[in-house]
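Undergrad: what's the 3D shape of this:
(2 chains)
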Number of protein chains: 2
Amino acid sequence: MNEHTVKAFDADIGELRGLISQMGGLAEEQIGKAMLALQRGDRALATQVRAEDKAIDAIEAEVERLAVRIIALRAPLANDLREVVAALKIASVLERIGDYAKNIAKRVPLIDDTGDRIEPISVLPAMGRMASEMVHDALDAFAARDSDAAVRVCESDTALDDFYDSIFRTLVTFMVENPRTISQVAHLLFVAKNLERIGDHAGNVAEMVYFAATGTQIADRLPAKS
Amino acid sequence: MNEHTVKAFDADIGELRGLISQMGGLAEEQIGKAMLALQRGDRALATQVRAEDKAIDAIEAEVERLAVRIIALRAPLANDLREVVAALKIASVLERIGDYAKNIAKRVPLIDDTGDRIEPISVLPAMGRMASEMVHDALDAFAARDSDAAVRVCESDTALDDFYDSIFRTLVTFMVENPRTISQVAHLLFVAKNLERIGDHAGNVAEMVYFAATGTQIADRLPAKS
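TA: Numbers count the residues shown, from 1 in each chain, chains lettered A, B, ... in the order given. All right, here's what the predicted structure looks like:
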């Protein structure tokens, strides 16, 4: 590549990274708002989360167009190509994370429609914060090309999985003791599951960051997972 | 493009289509096997489904490498580029569908561990077949570049969603009447949800097929969905 091409490529990559970071910020915000809507039974906020998901989808489409243009026009090699493909995949994962936040928001009116107080709802926001932090840390690792930070994200995923298992048991116990609430608590099971999946996807982003930064798979650095 | 380039491009696209169709076949098979494992409480089959998911992941990686190579070497324009990008995205959706089948398989040992007979498990395989057929039809639409078939796939998604709602109510009613089984039936809720998501993703594939074939969004041809 001549100097001009290198500069143009750097500018394109900078734009790509900017879009990813914007998507990530939105995804985190959406998780936070969805959990707040759930906790407060705030249907208006839930509706807003559902509407704002479209903004994330739109940025994903932009990332896709830009990545294809970079590959086609700049024909990047090895490391650079790996980074463009990573950005493309990370955008697709962030779009999924946005979907999970939207799914949580969709359940707000389904949970809130009776007078029964559902005690275990109070533990979910902490799980939401943990999942949202994982997304944040995975994107920080991407921005800093930091493979060690990526490893730490994958390690927190184990803690989130344990949190999920504990919440699952709590919710089932609550259902057994309060059969009137089963149908609403079933929705909370899905919320917890969505948060656990968000953590999985943050872990996937971390894996891609690790691969883009090192050219090797993170699995070789982590203990085997079931 | 000169004649040589056109031929090389056609060969590449043919290979890409072959890989997608192979992934789709595997994904359908995985759904079928996961549902059979669930119905029979067959843990060995469930373990096999979990192991075979890696084959789908491997083909996705191959699709990605090939698509990037096509874009970089052949610099396809407009329609052709749209098709390559569609293949890339369809592969990513099929990988997700494979994950859902794997998730269903993972629940087999969790459901099967008590002597309680869980009646409503018997309605799930029909839902599994419906979801699997949607995947099949979406890929047929892709292979035939058939935008009308794509529209039909999106229409069946509404029927699958209704099926899901009915199963959700059945399962919750069963929980209320058989509180001892709540924790296992909760896993069945997730199975039903996974099948519903598979249908959503088949619908997404159909949307991409429609867009690749017509250059317009399918939403303009379908009634608005909540």
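
Undergrad: do you know how far the most centrally placed residue in chain A is from A:Ser132?
TA: In chain A, the residue lying closest to the centroid (C-alpha atoms, centre = their mean) is A:Ile97, at 3.8 Å. Distance, A:Ile97 to A:Ser132, using C-beta to C-beta, to the nearest Å: 9 Å. Every C-beta, even on glycine, is put in place using the N, C-alpha and C of the backbone.

Undergrad: where do the contact lists of the two overlap?
TA: Residues touching both A:Ile97 and A:Ser132 by C-beta atoms under 8 Å, 6 or more residues apart in numbering or on different chains: A:Ile31, A:Ile198.

Undergrad: okay, and the residue nearest to the centre of chain A sits in which element?
TA: Using DSSP states H and E, A:Ile97 sits in helix A:78-111.

Undergrad: point out where chain A drops to low pLDDT.
TA: Scanning chain A for pLDDT under 70 picks out the ranges A:1-2, A:112-116, A:220, A:222-226.

Undergrad: where do the helices of chain A begin and end?
TA: Counting by DSSP state H, chain A has helices at residues A:3-40, A:43-74, A:78-111, A:124-143, A:147-177, A:182-214.

Undergrad: most tightly surrounded among these?
TA: Mean neighbours per residue, mean count of other C-beta atoms under 10 Å in any protein chain shown, is largest over the helices of chain A for helix A:182-214, with a mean of 23.

Undergrad: against which helices or strands is it packed?
TA: If contacts are counted by 3 or more C-beta pairs under 8 Å, 6 or more residues apart in numbering or on different chains; DSSP states H and E, helix A:182-214 sits against helix A:3-40, helix A:78-111, helix A:124-143, helix A:147-177, helix B:147-177, helix B:182-214.

Undergrad: what does chain A put close to chain B?
TA: Contacts of chain A with chain B, taken as C-beta under 8 Å from any C-beta of the partner chain, map to A:64, A:68, A:71-72, A:75, A:81, A:85, A:89, A:92, A:168, A:171-172, A:175-176, A:179, A:182-183, A:186, A:189-190, A:193.

Undergrad: repeat that for 6 Å
TA: Proximity of chain A to chain B (C-beta under 6 Å from any C-beta of the partner chain) is limited to residues A:Ile71, A:Ala72, A:Ala75, A:Ser92, A:Val172, A:Met175, A:Val176, A:Pro179, A:Ile182, A:Ser183, A:Ala186, A:Leu189.

Undergrad: thought the residue nearest to the centre of chain A was touching A:His201?
TA: Yes: with contacts counted by C-beta atoms under 6 Å, A:Ile97 reaches A:His201, the gap being 5.4 Å.

Undergrad: from B:Val93, how far out is the residue nearest to the centre of chain A?
TA: From A:Ile97 across to B:Val93, the span is 16 Å (C-beta to C-beta).

Undergrad: cool, and A:Arg107?
TA: Distance of A:Arg107 to B:Val93, computed by C-beta to C-beta: 23 Å.

Undergrad: next one: A:Ile56
TA: For A:Ile56, the distance to B:Val93 - C-beta to C-beta - is 17 Å.

Undergrad: residues touching A:Gln39, list them.
TA: Counting by C-beta atoms under 6 Å, 6 or more residues apart in numbering or on different chains, A:Gln39 makes contact with A:Pro125.

Undergrad: now swap in A:Arg17 and tell me
TA: Going by C-beta under 6 Å, 6+ apart, the list of residues near A:Arg17 is empty.

Undergrad: try 10 Å this time
TA: A:Glu83, A:Ala87, A:Ile90, A:Leu139, A:Phe142, A:Ala143 (C-beta atoms under 10 Å, 6 or more residues apart in numbering or on different chains).
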